[in-house]
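In: Prediction below, plus the sequence it came from.
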Amino acid sequence: MKQFNPFDKSSLYEIHAPRWQAELDFSEMTQDILDSGKYLPRFSQKEHEDDYKYRRSMSCALDMIRDAVRLRLDCIWRTSPRRIVGATKYESIIAGLVDNCDDYGTPLDDFMRKAALRHYVTGCDIVTQLTGPPENSPDIVTKADALAAGIRPFFAAFSPLERYWWTTDGAGNIMGARYCLGAVAESDETDEPDGSVKFLSLIGRQWRVWVATPGKNDIEVTLLASGEHNLPRPPIVKLYFSESAKPGHFATPLSLVTRPTRIAIVAMNLKSQADVDLLAAVPRWFLSGFDGDVDSYGPTTLIRAAQPEARMAVIQGDCAHIAEKREWLMLYLHEILRLLKFRGSMADLEGSASSGVKLALEHNDLHNELRSTASQFERAEIEMMRQACVLATGEDIPSANAQEILGYDVSYERDFVLEPVGEMLDNLRRLAVDCSWVAEETPSMVKEILRQISDALVRPGSNRAAEIEQEIEEAGLEGIAAFRPAESLGEPKMTPPSE
């Protein structure tokens, strides 16, 4: 048996870690990553350092990966999730987790938003942990004693980059995993860090906490704590945007940005090539036949020479291939936008003199995705609470009816504003003017459009929102048919069928 080293990583981790790191980097592309040239390799080993430094200084992220992730988070957290903690015997456990879910005082709402960010970028494992009783606590013998002493479960979220090793069953459930908890913090700023790192291992019904300290010749590994729980498998909730279906790659998360990130890397390097080509294509003066040095000059400077053999010429590189690269670059950017569910099969970039470049969302696809994600987060929370209550009490709570037994209900936002207010107003105008007979026969549809406009302008749940809702509900729409079609719309009006 080989010596145990918690720093060892599984072969699956080695395969996917570079991808996960790239997804994380492109979701928050910072200056240090651009300056390092991490995703901008040299053209060749003979590329001059000054040329490579210039390309790094010109590098930038042209993709919309960060914006696509933030947009989804803002939609789902447009209003805070609504949580109901019922009056059951688990009420104190669940209510305590809602207020402080990670043993650091973090509310569950903030914790889940951070976990959702990881869900979109790399995937996220949420682990339910139970702290043991303090040392020299003879009065704490049973789980009831621990609850009475305030010892409750808590949650921890890990990205796959922090999961060094894992194993699964045939259904893809994680049966064992080892997570890196990070470096052991120094107790004082004057302390010298020794490089010690903590790890959490979950194997079947067992859990272990290790600390590993690198030495001169080897690594010293110490078991800090261990114990057992009464769940059939490790208390881990997988919060993945998608999961690999390849045999042998179970519990390997795929994210919203997995495919766009690869294309973004290609686009960044193509843009870097164009930077060099543009620099080479800058017009330059070629002087010959001049005696001595020529003074510096600008575009309005007149240079005269007494020598009859003096010549001046402009040298400029060909620009046709630069335009070709620009077309390819736009193709890559369009594909990124399509994958991120921006409007149109080619994710159109719409130019506007008043608002610059405007990205419009593909309403149906993105709306369905957000609703599905909201349902996923709701199921995840209920499973997290079930695991916590089982760990805390030792009781068996079936997953099938855990929500009823726990008395816990959570509801995430499902009314999303995905269209600009101007477009919604235009749609309402066209309905009321060009299709007035349709609008009059279906007043509920008109009122629904008005509600969507109200949701975009006023904070949901506010007093003003309630006032507007009442006004919309009481509004009479009998006068819609009196509107005359507007000739300026430039489109054929829809007339009611003849009797």
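Out: Perfect, I can see it now.
In: Please export the C-alpha coordinates of stretch 65-83 as PDB.
Out: Written as PDB, here are the backbone C-alpha positions of stretch 65-83 (Å, rounded to 0.1, in the frame of the first residue of the first chain):
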ATOM      1  CA  ILE A  65     -19.200  35.000 -20.500                       C
ATOM      2  CA  ARG A  66     -19.100  37.100 -17.300                       C
ATOM      3  CA  ASP A  67     -22.100  39.100 -18.400                       C
ATOM      4  CA  ALA A  68     -24.100  35.900 -19.200                       C
ATOM      5  CA  VAL A  69     -23.500  34.500 -15.800                       C
ATOM      6  CA  ARG A  70     -24.300  37.700 -14.000                       C
ATOM      7  CA  LEU A  71     -27.400  38.200 -16.000                       C
ATOM      8  CA  ARG A  72     -28.800  34.800 -14.900                       C
ATOM      9  CA  LEU A  73     -27.900  35.400 -11.300                       C
ATOM     10  CA  ASP A  74     -29.600  38.800 -11.300                       C
ATOM     11  CA  CYS A  75     -32.700  37.200 -12.900                       C
ATOM     12  CA  ILE A  76     -33.000  34.400 -10.400                       C
ATOM     13  CA  TRP A  77     -32.300  36.800  -7.500                       C
ATOM     14  CA  ARG A  78     -34.400  39.500  -8.800                       C
ATOM     15  CA  THR A  79     -36.400  38.900  -5.600                       C
ATOM     16  CA  SER A  80     -35.100  36.900  -2.700                       C
ATOM     17  CA  PRO A  81     -36.200  33.200  -2.600                       C
ATOM     18  CA  ARG A  82     -39.300  32.800  -0.400                       C
ATOM     19  CA  ARG A  83     -38.800  30.300   2.400                       C
END
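In: quick one: L117 from R259, how far?
Out: According to Cβ to Cβ, to the nearest Å, L117 and R259 sit 19 Å apart. In this view, the C-beta of every residue, glycine as well, is placed from N, C-alpha and C.
In: cool, and K271?
Out: 19 Å.
In: got a list of what R83 touches?
Out: Counting by Cβ atoms under 8 Å, 6 or more residues apart in numbering, R83 makes contact with V98, L108, Y408, D409, V410, S411.
In: The helix or strand it falls within: which residues count as buried?
Out: According to DSSP states H and E, R83 maps onto strand 82-85. Neighbour-count burial for strand 82-85, counted by 16 or more other Cβ atoms under 10 Å, picks out R83, V85.
In: Sheet partners, orientation included, of that strand?
Out: Applying DSSP bridges, strand 82-85 is found paired with strand 408-411 (antiparallel).
In: Now do the helices in the stretch 1-150 of the chain.
Out: Taking DSSP state H, counting those that start in this stretch as the criterion, the stretch 1-150 of the chain carries its helices at 11-27, 31-36, 49-58, 65-76, 91-99, 108-121, 143-148.
In: For the second one, give the mean pLDDT please.
Out: Mean per-residue pLDDT for helix 31-36: 93.
In: Contacts for that helix, please.
Out: D25, Y39, R56, S57, S59, C60, A61.
In: Would you mind measuring from F250 to M175?
Out: As judged by Cβ to Cβ, F250 and M175 stand 10 Å apart.
In: do the same with H48
Out: 53 Å.
In: Pull out the buried residues from the contacts of helix 31-36.
Out: Looks like the contacts of helix 31-36 have D25, Y39, S59, A61 buried, using 16+ other Cβ under 10 Å.
In: I'd like to know how far the nearest residue to A116 once chain neighbours are set aside sits from L406.
Out: The spatially closest residue to A116, leaving aside those adjacent along the chain, is L73, at 6.0 Å (Cβ to Cβ, 6 or more residues apart in numbering). L73 is 27 Å from L406, where distance means Cβ to Cβ.
In: What residues sit buried inside stretch 155-167?
Out: If you call a residue buried by 16+ other Cβ under 10 Å, then stretch 155-167 has these buried ones: F155, A156, A157, F158, S159, P160, L161, E162, R163, Y164, W165, W166.
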